[in-house]
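Enquirer: Next input, structure requested:
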Amino acid sequence: MHKLVIVKYFFRDNTIGTYLPMIIKEEIIMKQYVEIVDVLARQILDSRCFPTVEVEVVLEDGTIGRAAVPSGASTGIYEAVELRDDDKTKYQGKGVLKAVQNVNETIATELIGMNVFDQTLIDESLIVLDGTDNKSKLGANAILGVSLAVADAAAKYLGLPLYQYIGGVNAKVLPVPMMNIINGGKHADNSVDLQEFMIMPAGAQSFSDALRMSAEVYHSLKKILNDKGYATGVGDEGGFAPNLKSNEEALQVIIEAINKAGYKPGEEIFIAIDCASSEYYKDGKYVLEHEGKTLDATEMADFLAAWVEKYPIISIEDGMAEEDWEGWKVLTDKLGGKIQLVGDDLFVTNTERLSTGIQKKVANSILIKLNQIGTLTETLNAIEMANRAGYTAVISHRSGETEDTTIADLVVAVNAGQIKTGAPARSERVAKYNQLLRIEEELDEIGEYRGLGAFFNIKK
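Expert: Got it, this is the predicted structure:
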């Protein structure tokens with residue numbers, strides 16, 4: 001068997017009027033088996049100053065694939081388990097040296113000698129090696145780091161961008177950013193109950209235009225908050241975290257910022273909300289502490305529906321709690337035909353949870369977080385299931401991030417059309433946006449920015 005060689009030749013595709021890279025084979029047969037010769041993990045820091053796992057996978061020719069694992073602040077109870085050291089004398093018990101050891105000893109022994117191109121087999125082997133339903137033995141942080149580093153190594157060996165290695169020749173859709181500009185809930189220390197208020201520039205003509213528009217609104221919002229006497233410190237994901245008078249004031253100042261930046265709310269830029277309702281769901285009620293309201297599911301659905309009528313809201317995430325299937329049904333019946341209803345804690349990137357939701361006809365979208373499930377293969381399976389059921393998939397970061405840009409490549413690989421990765425501030429968020437700019441440049445005229453078309457299952 002011989003290796004496929006990527007060389008710097010180009011041909012002109014007259015159908016689209018641009019130049020594309022041409023793959024030249026040194027031999028007709030591509031080498032199908034490339035051994036993993038080493039797997040290494042280390043403890044690094046994430047954006048919240050807590051340790052996380054970084055993994056390197058080394059191939060027989062010296063190629064190195066690398067991935068760093070994110071971590072959430074607001075986590076669903078059904079998520080795969082990240083393994084922490086619980087040693088209170090170091091990093092307040094948040095160290096990940098146990099997970100690192102599991103990679104360097106147990107997982108490395110299993111993977112050395114395996115074919116880097118056998119992603120599914122490798123991921124299945126990791127699941128079997130762990131042997132638990134929630135990856136609690138080896139740690140989802142250990143397993144995911146390895147899974148993603150394997151994919152990165154395979155892509156680098158072939159000389160392919162990661163999005164093309166995962167998604168193939170049809171990977172071409174640039175996402176509409178779901179950009180967090182006001183933080184609340186667990187992502188900030190302020191008076192806002194709901195976790196995220198975001199903008200979505202679905203009326204832009206390209207990803208780069210969408211990013212520019214969002215940045216302009218972000219700067220506009222900062223000035224408005226300053227003028228109103230609010231603090232402009234930022235939360236975990238780069239959004240501002242002011243002590244507003246109410247949750248609704250967040251919507252009001254965002255509309256003001258969109259207008260001030262010169263854009264039309266509801267035409268060029270829309271609003272998205274992450275309620276993170278599980279965080280304030282107590283004894284079957286939704287307790288909005290800063291609003292002074294305690295609501296049942298029907299009242300909570302009415303509360304959100306009133307906002308949808310009043311503001312250009314196109315997407316609501318976790319509008320009901322992860323355990324409140326009946327509440328989700330009420331919300332979906334009320335708003336499911338009008339806006340995107342995203343299940344995050346509800347589905348946790350898990351095909352079993354998603355299958356239940358599809359059967360119950362709740363939500364119409366799934367948030368995809370790699371570390372909620374723990375392997376690339378399982379993540380791709382969840383996206384495929386969602387697409388088959390007519391659900392949109394939104395590829396997402398976590399509040400604890402690193403400079404790793406895997407999700408930027410993943411969103412293009414699967415043509416998801418939407419990405420949630422924070423404000424256009426803080427380098428761990430901007431790293432993803434900058435990677436998408438590079439991908440857009442590389443795809444050139446092949447690339448598509450679908451805008452409102454990314455919301456294919458709602459009436460617009």
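Enquirer: Nearest residue to E289 in space, please, no chain neighbours.
Expert: Nearest residue to E289, sequence neighbours excluded (Cβ to Cβ, 6 or more residues apart in numbering): D193, at 6.2 Å. No exception for glycine: its C-beta is placed from N, CA and C like everyone else's.
Enquirer: I'd say the one you found and Y281 touch.
Expert: No: judged on Cβ atoms under 8 Å, D193 makes no contact with Y281 at a distance of 11.6 Å.
Enquirer: rewinding a little: and the residue nearest to E289, how many residues sit next to it?
Expert: 21 (other Cβ atoms under 10 Å).
Enquirer: Check V253 too.
Expert: Neighbour number of V253 under other Cβ under 10 Å is 23.
Enquirer: Which positions within the strand or helix carrying it qualify as buried?
Expert: Taking DSSP states H and E as the criterion, V253 maps to helix 247-260. By neighbour count on 16 or more other Cβ atoms under 10 Å, the buried set for helix 247-260 is N247, E248, E249, A250, L251, V253, I254, I255, E256, A257, I258, K260.
Enquirer: Send me that helix as CSV with only the CA atoms.
Expert: Below are the C-alpha coordinates for helix 247-260, written out as CSV (Å, rounded to 0.1, in the frame of the first residue of the first chain):
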residue,chain,number,x,y,z
ASN,A,247,-34.8,40.1,32.1
GLU,A,248,-36.8,42.0,29.4
GLU,A,249,-34.5,45.0,29.7
ALA,A,250,-31.8,42.7,28.1
LEU,A,251,-34.0,42.5,25.0
GLN,A,252,-34.7,46.2,25.0
VAL,A,253,-31.0,47.2,25.1
ILE,A,254,-30.2,44.7,22.4
ILE,A,255,-32.8,46.1,20.1
GLU,A,256,-31.4,49.6,20.8
ALA,A,257,-27.9,48.4,20.0
ILE,A,258,-29.0,46.8,16.7
ASN,A,259,-30.7,50.0,15.6
LYS,A,260,-27.7,52.1,16.8
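Enquirer: contacting residues for I458?
Expert: The contact partners of I458, taken as Cβ atoms under 8 Å, 6 or more residues apart in numbering, are I314, G336, G337, K338, I339, Q340, N364.
Enquirer: let's see 7 Å
Expert: G337, K338, I339, Q340 (Cβ atoms under 7 Å, 6 or more residues apart in numbering).
Enquirer: from those residues, which single one is nearest P175?
Expert: Comparing these against P175 with Cβ to Cβ places Q340 closest, at 13.6 Å.
Enquirer: Could I get the phi/psi values of the closest one?
Expert: Backbone dihedrals for Q340, given as degrees, to the nearest 10, come out at phi -80, psi 130.
Enquirer: hang on, the earlier thing: does the residue nearest to E289 count as helix, strand or coil?
Expert: Using DSSP: H, G, I helix; E, B strand; the rest coil, the structure places D193 in coil.
Enquirer: how near is it to A276?
Expert: Distance, D193 to A276, by Cβ to Cβ, to the nearest Å: 9 Å.
Enquirer: list residues touching both of these two?
Expert: Common contact partners of D193 and A276 (Cβ under 7 Å, 6+ apart): G185.
Enquirer: Now do the contacts for the closest residue to T402 other than its chain neighbours.
Expert: Distances taken as Cβ to Cβ, 6+ apart put A68 closest to T402, at 4.1 Å, once the chain neighbours are dropped. Residues near A68 by Cβ under 7 Å, 6+ apart: I44, T52, E54, T402, D404.
Enquirer: how about a cut-off of 8 Å?
Expert: Counting by Cβ under 8 Å, 6+ apart, A68 makes contact with I44, D46, T52, V53, E54, V55, G145, T402, E403, D404.
Enquirer: And these, which is closest to L225?
Expert: For the contacts of A68, with L225 as the reference and Cβ to Cβ as the criterion, the closest is D46, at 26.7 Å.
Enquirer: Could you measure from that closest one over to N170?
Expert: The gap separating D46 from N170 is 33 Å, by Cβ to Cβ.
Enquirer: These two: which is more packed in?
Expert: D46 (23 against 10).
Enquirer: The more buried one against E403, yeah?
Expert: No: using Cβ under 8 Å, D46 is not in contact with E403; the gap is 9.9 Å.
Enquirer: and this structure, what are its domains?
Expert: Residue ranges for the domains of the chain, per automatic domain parsing: 1-32, 36-159, 169-454.
Enquirer: Serialize those to TSV and add fields for mean pLDDT.
Expert: Formatted as TSV, the domains of the chain follow (pLDDT from 0 to 100):
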stretch	mean pLDDT
domain 1-32	42
domain 36-159	97
domain 169-454	96
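Enquirer: partner residues bridging the residue positioned nearest the centre of the chain?
Expert: By Cα atoms, centre = their mean, the mean C-alpha position of the chain lies nearest to S396, the distance being 1.0 Å. Counting by DSSP bridges, S396 is bridged to K420.
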